[in-house]
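Chemist: Take a look and give me a structure for this.
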Amino acid sequence: MTRWISALACWLCLMASAQATLTIEITEGVEDAEPIAVVPFGWQGQDAPAVDIAAIVAADLRRSGRFRPMAEKDMLAKPSQTAQIRFKNWRIMDVPYLVIGQMREVGENSYQVEFRLFDVFRAKQLTGYRMPPVRRAQLRMIAHQISDAVYQEITGERGAFATRLAYIKKLSKQADDPYRYLLFIADADTENERPVLRSRNPIFSPTWSPDGSKLAYAVARSTGQSIYVFNLASKRIVQLTRPGEKFSAPAWSPDGRKMAMAKLENGSSDIFVMDLDTLQKRRITRHWAIDTEPTWSPDGKSLVFTSDRGGSPQLYQYDFDTGKVKRLTFEGKQNLRASFSPDGRMICFVRMGEDGQHTIAVMDLENETTQVLSKRSQQESWHESPTFAPNGSMIMYAAIWHGKNVLAAISVDGRVHQRFSVKTGANVQEPAWSPFLD
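Modeler: As a prediction, the model looks like this:
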């Protein structure tokens with residue numbers, strides 16, 4: 001039976017010394033990235049808020065690997081209105097795209113932001129609009145929305161800057177604080193991070209609902225493993241599985257009405273699908289081996305999961321129409337923890353090579369070809385938990401860097417590499433990229 005749990009206890013001491021700031025380092029970029037100038041936005045009002053919209057937009061575009069924003073010190077002028085633009089100056093600098101904007105105070109703790117994107121060589125506005133008034137705390141998200149608009153107008157692809165990440169931090173053991181495991185959410189650039197849950201027991205496998213309003217996760221206790229759902233708006237938690245059972249690896253169906261999960265029982269693990277309205281579970285696999293880590297195809301017609309039924313952990317696909325299981329991976333000692341691309345054409349996953357090291361790979365499901373994307377080094381190794389951006393352009397994953405668990409990201413073509421380094425003592429694990437939030 002589902003039981004509602006007070007979220008109050010889980011929120012105690014959330015803002016304690018567990019905070020650990022992440023910083024982004026682009027370790028490998030694209031040489032032919034498109035130049036663009038994002039000019040500091042104009043300001044109208046009393047005291048300007050400490051949010052640099054232009055700097056956030058420039059950082060977003062740089063992280064995509066598709067753009068090379070001009071340094072502010074190299075700008076010949078800093079227009080904030082169309083009439084102030086001298087396109088000749090920007091043509092001399094060989095900058096094809098220009099972003100300008102303004103931010104104004106429209107009330108107490110209320111701000112309005114507008115921006116414009118120009119094609120410099122045609123002296124033509126490509127897009128631009130005025131945002132509805134927002135409060136100070138929303139200004140970073142407004143900047144990410146501007147980044148999305150610029151990215152989409154130039155590339156033709158939807159941007160994923162105005163999305164969020166969920167991830168787990170494991171703290172060092174402290175006698176005065178037994179809450180060692182924290183579930184965080186943050187903007188896609190890992191800024192604005194905030195803890196939403198603390199636990200004495202290990203938290204793992206966070207996953208977003210299709211509408212981005214909830215997070216499912218598993219908690220391991222001495223009595224078993226349970227799956228919970230956390231509502232981000234109401235802060236309420238529902239336990240989906242009964243105490244004493246051993247369920248893990250939750251995965252939402254694309255329509256949000258079902259959840260796949262793995263159940264460990266009598267030494268083997270099988271995949272189940274739960275109807276979230278009735279909480280009735282249906283067994284999908286029945287095998288003596290370990291079947292775990294299910295992930296839904298975007299069309300909801302199949303599941304990919306990890307199984308050692310062939311002698312080592314490999315990826316298999318279950319077809320709901322036929323009930324048949326097909327093996328997908330054959331190369332590498334192990335292949336596990338798959339995640340579908342948003343268009344369903346690819347999966348990313350963890351591959352263990354003959355040397356025992358883990359890397360991130362992608363498979364084209366149509367021609368069944370595989371490419372290893374991530375690179376190991378003496379400083380960075382053991383890549384795991386890959387998750388696609390909702391536009392399919394990047395893959396976030398966890399890695400060990402200088403002995404610490406950190407987050408890293410790589411473009412699907414393998415050309416752009418980023419690392420999100422932890423400044424203070426916490427290990428960051430199991431990232432999950434949110435869907436689009438509108």
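Chemist: Please make it C-alpha for all contacts and neighbour counts, starting now.
Modeler: Fine.
Chemist: the bottom helix or strand of this protein by mean pLDDT?
Modeler: Here the helix or strand of the chain ranked lowest by mean pLDDT, DSSP states H and E is strand 3-5, holding a mean of 36.
Chemist: So residue 152: helix, strand or coil?
Modeler: helix (DSSP: H, G, I helix; E, B strand; the rest coil).
Chemist: how much space between it and residue 66?
Modeler: From residue 152 across to residue 66, the span is 11 Å (C-alpha to C-alpha, to the nearest Å).
Chemist: residues near residue 108, how many?
Modeler: Here the number of neighbours of residue 108 (other C-alpha atoms under 10 Å) works out to 8.
Chemist: Same check on residue 118?
Modeler: Residue 118, neighbours per other C-alpha under 10 Å, totals 23.
Chemist: The nearest residue to it once chain neighbours are set aside: which element?
Modeler: Among residues not flanking residue 118 along the chain, residue 125 sits closest, at 4.2 Å (C-alpha to C-alpha, 6 or more residues apart in numbering). Element membership of residue 125 [criterion: DSSP states H and E] is strand 124-130.
Chemist: which secondary structure elements does that strand contact?
Modeler: Under the contact criterion of 3 or more C-alpha pairs under 8 Å, 6 or more residues apart in numbering; DSSP states H and E, strand 124-130 touches strand 110-119, helix 139-155.
Chemist: Mind putting the ones you listed into CSV with mean pLDDT and distance to residue 188?
Modeler: Listed next are these as CSV, based on pLDDT from 0 to 100; distance: least, C-alpha to C-alpha, whole Å:
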stretch, mean pLDDT, distance to residue 188
strand 110-119, 97, 21
helix 139-155, 97, 9
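Chemist: Dump those to CSV, plus distance to residue 363.
Modeler: Listed next are these as CSV, based on distance: least, C-alpha to C-alpha, whole Å:
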stretch, distance to residue 363
strand 110-119, 36
helix 139-155, 24
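Chemist: who wins for proximity to residue 286 among the ones you listed?
Modeler: Across those, residue 286 has its closest neighbour in helix 139-155 (44.3 Å, C-alpha to C-alpha).
Chemist: Please point out which parts of the host helix or strand of residue 293 sit buried.
Modeler: For residue 293, the element it lies in under DSSP H and E is strand 291-296. Residues 291-296 are the ones in strand 291-296 that count as buried (16 or more other C-alpha atoms under 10 Å).
Chemist: Run me through the strand neighbours of that strand, direction for each.
Modeler: strand 302-307 (antiparallel) (DSSP bridges).
Chemist: Contact partners for the nearest residue in space to residue 317 that is not next to it in sequence?
Modeler: Closest residue to residue 317 apart from its sequence neighbours, by C-alpha to C-alpha, 6+ apart: residue 304 at 4.3 Å. By C-alpha atoms under 8 Å, 6 or more residues apart in numbering, the residues touching residue 304 are 294-297, 315-318, 338.
Chemist: pLDDT added to those residues, as a markdown table?
Modeler: Formatted as a markdown table, these follow (pLDDT from 0 to 100):
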| residue | pLDDT |
| --- | --- |
| 294 | 98 |
| 295 | 98 |
| 296 | 98 |
| 297 | 98 |
| 315 | 98 |
| 316 | 98 |
| 317 | 97 |
| 318 | 97 |
| 338 | 97 |
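Chemist: Got phi/psi on residue 60?
Modeler: Residue 60 adopts backbone torsions of phi -60, psi -50, taken as degrees, to the nearest 10.
Chemist: Neighbours of it, how many?
Modeler: Other residues close to residue 60 by other C-alpha under 10 Å number 25.
Chemist: so it touches residue 143, yeah?
Modeler: No. Assessed by C-alpha atoms under 8 Å, residue 60 is found out of contact with residue 143, at 9.0 Å.
Chemist: what is in contact with those two at once?
Modeler: Contacts common to residue 60 and residue 143, judged by C-alpha under 8 Å, 6+ apart, are absent.
Chemist: Look through this protein and report the residue furthest from the middle.
Modeler: residue 88 (39.9 Å; C-alpha atoms, centre = their mean).
Chemist: what helix or strand is that one on?
Modeler: Assigned by DSSP H and E, residue 88 falls in helix 87-92.
Chemist: Report the mean confidence score over that helix.
Modeler: The pLDDT scores in helix 87-92 average 95.
Chemist: what's the following helix or strand after that helix?
Modeler: Past helix 87-92, the next helix or strand by DSSP H and E is strand 97-107.
Chemist: What is that next one packed up against?
Modeler: By 3+ C-alpha pairs under 8 Å, 6+ apart, strand 97-107 packs against strand 34-38, strand 42-44, strand 110-119.
Chemist: For the last one, list the C-alpha coordinates in CSV.
Modeler: The C-alpha trace of strand 110-119 is given here as CSV (Å, rounded to 0.1, in the frame of the first residue of the first chain):
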residue,chain,number,x,y,z
SER,A,110,10.5,42.7,-10.2
TYR,A,111,12.5,42.9,-13.4
GLN,A,112,11.9,42.8,-17.2
VAL,A,113,14.4,41.5,-19.7
GLU,A,114,14.4,41.9,-23.4
PHE,A,115,17.0,40.8,-26.0
ARG,A,116,17.6,40.9,-29.8
LEU,A,117,19.7,38.6,-32.0
PHE,A,118,21.1,40.1,-35.2
ASP,A,119,22.7,38.7,-38.4
